[in-house]
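Student: any chance you can model this:
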Amino acid sequence: MSLHQHESSYRMVPLDEAHQIVAAHITALPAETVSSLTAVGRVLAEDVFATENVPDIIKSLVDGYAVRTADGMCERQVVAEVTAGSTFDAPLLPGTAVRIMTGAPVPPGADAVVMFEDTEEQSGQLRVHTPIAPGAHMQTVGQDIAQGQQILARGTTLGPPEIGLLAALGQTQVNVYRRPRVAILATGDEVVEPDAPRMVGQVRDSNRYALLAAVHEAGAEGLSLGIARDDVQVQRDAILQAIVQADMLITSGGISLGTRDLIKPLVAELGIIHFGRVAFKPGKPTFFATVDRPAQAPFLVFGMPGFPVSSLVVFEMFVRPTLRRLQGDTSPERPRVRVTLLEPIRTTSDRPEYQRTQIAWHAGQLVARSTGLQSSTRLLSLRGANGLLVLAPGIHEYPIGTEVEALLTGPLLVDHDRIL
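Tutor: Modelled structure (predicted):
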């Protein structure tokens, strides 16, 4: 069969259907055991339960005096001082108090702690200026975490609080899903390395490096396969290398209708292309394929357009959620929000369009402004963008003040940013 396959042989798949097709072929990668102390960004492969109480003894929450509330407002004799990390096992007798520091164990018999600010001590005698309620300023056993309590659920992405919880419980090993290994291949005789001499008409390879960064941001491991010139054997060898070394291949360029667009037919020889065109802009020629491997999960292939904006938008729409699912993330999608336009927006596409935007919280609502010319070649339209406007197909004029849906891809801006 000829390696060149006409684009029109692939049905134009609606965006929702394309998402469903991809999701149907994704299962989380196997789990591995890693140090919980350095597992930030990893996704738990199991529920985690507390193996002990936190705290394991009754402790003071303030600097002050441990007292018996039954003594009321009477003067008390200060008989000792206890600090965090020390012990004081003698029971507190009526009419006595113990000077105590934050985090120190409360002596047996004491049922409250009164703050220094509410007392006066002279010559070892303590006067209390305010009434004391039982249990005041005391941390009870298991108050923070109870032994046997589920503290983290499978599918949780580990951040600073989760790492702290695991450390607090002495759980220094944790089972997490393996990070996907993603091979990235640029194609085209016209593509050169960013630091290489560039002849007239050639383009520097921005896609591969932007995609490597995006893969890293999504929690996966990137593997650069370099630039494959427009040669059947060179590109076939690169694809076969990726199948051996990685879980997924992302290709950049070589997927349209031209006679030198070789990637789609090459992948079709090795596996199954589940869709070859998607009804959205930018990124219509995007394809998704799987290649079966003995005793392994199917190898995933995403073919992306060569235009840099299309490449990164396709990554947001398809690849990033896939990478999060492979890592066991139970919420792999970016949040969708409603935004109010700060300027008019025009569309002319016959497909749903995803325009780059800046989104900010202002005067009690989310507002959005375009990043300028929305050409698929203009990387500047992604600089500073933290969202994608979801715009209906057809010729539409969206005036100022229109509310539209948006995909939130980054942190919200605030009023003083240049969006306003």
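Student: now the lengthiest helix in the chain: buried residues?
Tutor: In the chain, assigned by DSSP state H, the helix with the most residues is helix 232-245. With burial defined by 16 or more other C-beta atoms under 10 Å, the residues of helix 232-245 counted as buried are Gln235, Arg236, Ala238, Ile239, Ala242, Ile243. For every residue, glycine as well, the C-beta is placed using N, CA and C.
Student: and the next helix or strand past it?
Tutor: Next helix or strand after helix 232-245 toward the C-terminus (DSSP states H and E): strand 248-252.
Student: contacts for that following strand next, please.
Tutor: By C-beta atoms under 8 Å, 6 or more residues apart in numbering, the surrounding residues in contact with strand 248-252 are 180-187, 207-208, 211, 215, 239, 242-243, 263, 299-306, 311, 315, 319, 322-323, 326.
Student: now render the buried residues of helix 232-245 as a markdown table, adding distance to Gln77.
Tutor: Output for the buried residues of helix 232-245, formatted as a markdown table (distance: C-beta to C-beta, whole Å):
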| residue | distance to Gln77 |
| --- | --- |
| Gln235 | 87 |
| Arg236 | 89 |
| Ala238 | 83 |
| Ile239 | 83 |
| Ala242 | 78 |
| Ile243 | 80 |
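Student: for stretch 218-234, give the mean pLDDT please.
Tutor: Averaging pLDDT along stretch 218-234 gives 95.
Student: going forward can the numbers begin at 235, since that is how I track them
Tutor: Let's use 235 as the start, then, which means that last one is stretch 452-468.
Student: could you check how far that stretch is from the centre of its chain?
Tutor: Taking C-alpha atoms, centre = their mean, to the nearest Å, the mean C-alpha location of stretch 452-468 is offset from the chain mean by 24 Å.
Student: what residues sit buried inside it?
Tutor: If you call a residue buried by 16+ other C-beta under 10 Å, then stretch 452-468 has these buried ones: Ala452, Gly453, Ala454, Gly456, Leu457, Leu459, Ile461, Ala462, Asp464.
Student: three-state assignment of the nearest residue to Glu280 once chain neighbours are set aside?
Tutor: Once flanking residues are discounted, Glu280 sits nearest to Asn409: 4.8 Å by C-beta to C-beta, 6 or more residues apart in numbering. State at Asn409, reduced to three classes by DSSP: H, G, I helix; E, B strand; the rest coil: strand.
Student: measure Asn409 to Gln383 for me?
Tutor: Applying C-beta to C-beta, to the nearest Å, the value for Asn409 to Gln383 is 19 Å.
Student: neighbour count: those two, which is higher?
Tutor: The neighbour comparison of Asn409 against Gln383 (other C-beta atoms under 10 Å) goes to Asn409, with 16 against 13.
Student: show me what contacts that one?
Tutor: Residues counted as contacts of Asn409 (C-beta under 8 Å, 6+ apart) are Ala265, Glu266, Thr267, Leu278, Ala279, Glu280.
Student: please apply the same query to Glu631.
Tutor: By C-beta under 8 Å, 6+ apart, the residues touching Glu631 are Pro578, Ile579, Arg580.
Student: within the sheet, what are the partner strands of the helix or strand encompassing the last one, with directions?
Tutor: When secondary structure is defined by DSSP H and E, Arg580 falls within strand 579-581. Strands flanking strand 579-581 in the sheet, each with its direction: strand 630-632 (antiparallel) (DSSP bridges).
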